[in-house]
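> Based on what follows, work out the 3D shape:
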Amino acid sequence: MRLSTPDEIEKKTLLILRVLRDANQPMGARLIARRMADHGVSMSERTIRYHLRLMDERGLTKLAGRRDGRLVTKMGLDELGSARVRDKLGLAISRIEILAFKTTFDPKGKRGLLPVNLSFFHRKVFRDALEAMKPAFREGLCVSELVSVAGAGEKLGDVVVPEGTIGLATVCSIVVNGVLLKNGIPMDSKFGGILQISKGRPLRFVELIYYSGSSLDPSEAFIQARMTSVREVAQRGDGRILANFREIPAPSRSLVESIISDFRKAGINGVLSMGEVSEPICEVPVDLNKIGLVLIGGLNPVSCAREAGIESENKAMSTVMNFDDLTPFKSVFAGIRGR
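Below is the predicted model of the structure:
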């Protein structure tokens, strides 16, 4: 029997901590095992219980009740924050691949699971946040006008909304990856960036972060650094928005164009621009026999709120939701405004 090395134990500990942190509610070994399987790690419930006991002793986790499972402690969150760089590298690209695999959305049938970003606003400022986001949705500076809202203690996908906040789910551009994958089209996810818009048209990327070298979703980093001007783009057609860059095989072009048409009929406008074979797009070089795609960032509306001084906690590329659970932003805005 091969014994686990200290390095392997530490990796499993960090993964369990991430699962507990993202769940934001007590979890037992069975549910933790299911979530870890989503990350490509297979562990038995018995093994997880063993690691949890060790983590309890280290003060990283604590029992929420005899049968309620574990919660991550402040010490556990600190441990995640200072985790080794090599354990963080590549996390963003792996999340893209996992969410693309989980996507079952059928644009023609308008049904199935699709990936979403989650943003949590303090309940007192949520109405103002919606007001600030309205220009982005109105001008189509989003993957889709479809959203979902949930109060504290309720769920968006498999994520519980924290106390004192209201959660907003926006469609994530990874829906394009997922649907193309299900149609047999491989997509190379390169980077997330800041795209300069001039006179209403995409001009060039002025900042970028490669997914393969980042643990944080690029959009989260750019929003936090206040590097966007989405409101100016919505009002004047000039400014900087969140966008992502992908590549597809050249022979798949006609099929991809057909899928993009189906997306639009379903109310999803994730593809902002498609280039020519092996030709640069938005000043980004494209590999041989590939076509570049520029996808609009799903968190652009949230950037609008941030530009207006309204803070939020954002979890890009967070989870999947059923298409039927999404509602047009106009309806949500009218409902909140009428209260």
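
> Can you give me the neighbour number for Arg67?
Arg67: 8 surrounding residues under other Cβ atoms under 10 Å. Any C-beta I mention is one placed from the backbone N, CA and C, and that applies to glycine too.

> Now for it: which residues touch it?
Gly28 (Cβ atoms under 8 Å, 6 or more residues apart in numbering).

> does it count as helix, strand or coil?
Arg67 falls in the coil class when you classify it by DSSP: H, G, I helix; E, B strand; the rest coil.

> ok, it to Val171 distance?
36 Å (Cβ to Cβ, to the nearest Å).

> And for Gly76?
For Gly76, the distance to Val171 equals 31 Å [Cβ to Cβ].

> Over to the residue nearest to Glu45 when sequence neighbours are not counted: give its phi and psi.
Of all residues not flanking Glu45 in the chain, Ala29 sits nearest, at 4.2 Å (Cβ to Cβ, 6 or more residues apart in numbering). In terms of degrees, to the nearest 10, the main-chain angles of Ala29 are phi -60, psi -40.

> was I right about Ala29 contacting Ile48?
Yes - between Ala29 and Ile48 there is a contact at 4.3 Å, judged by Cβ atoms under 8 Å.

> Model confidence score at the residue nearest to Glu45, please.
In this prediction, Ala29 carries a pLDDT score of 90.

> what comes up buried for the helix or strand Ile259 falls within?
Ile259 is part of helix 253-265, with elements assigned from DSSP states H and E. Within helix 253-265, the residues scored as buried using 16 or more other Cβ atoms under 10 Å are 256, 259-260, 263.

> pLDDT and distance to Leu17 added to the residues you listed, as a markdown table?
Formatted as a markdown table, these follow (pLDDT from 0 to 100; distance: Cβ to Cβ, whole Å):
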| residue | pLDDT | distance to Leu17 |
| --- | --- | --- |
| Val256 | 97 | 39 |
| Ile259 | 97 | 38 |
| Ile260 | 97 | 39 |
| Phe263 | 97 | 36 |
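
> Kindly present those residues as CSV, with separate columns for distance to Gly292.
Listed next are the buried residues of helix 253-265 as CSV, based on distance: Cβ to Cβ, whole Å:
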residue, distance to Gly292
Val256, 12
Ile259, 16
Ile260, 14
Phe263, 18
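
> shared neighbours of Ala29 and Ile48, anything?
In contact with both Ala29 and Ile48: no residue, using Cβ under 8 Å, 6+ apart.

> What is the burial count for Gly151?
Neighbour tally, Gly151, other Cβ under 10 Å: 12.

> Which phi and psi values does it adopt?
Taking degrees, to the nearest 10 as the convention, Gly151 sits at phi -90, psi 180.

> roughly how far apart are it and Tyr50?
From Gly151 to Tyr50 the distance is 37 Å (Cβ to Cβ).

> Then Glu207?
44 Å.

> Between those two, point out the one with more neighbours.
For Glu207 versus Tyr50, neighbours defined as other Cβ under 10 Å are more numerous around Glu207 (17 against 13).

> ok, for the more buried one, nearest residue in space, not its chain neighbours?
Closest to Glu207 by Cβ to Cβ, 6+ apart is Ile194, at 4.0 Å.

> did I read that right, that neighbour in a strand?
Yes - the assignment for Ile194 is a strand, going by three-state DSSP.

> Helices of this structure, start to end?
Taking DSSP state H as the test, the helices found in the chain are 6-23, 29-38, 45-57, 74-81, 85-88, 91-102, 126-138, 174-182, 218-224, 230-236, 253-265, 300-307, 329-337.
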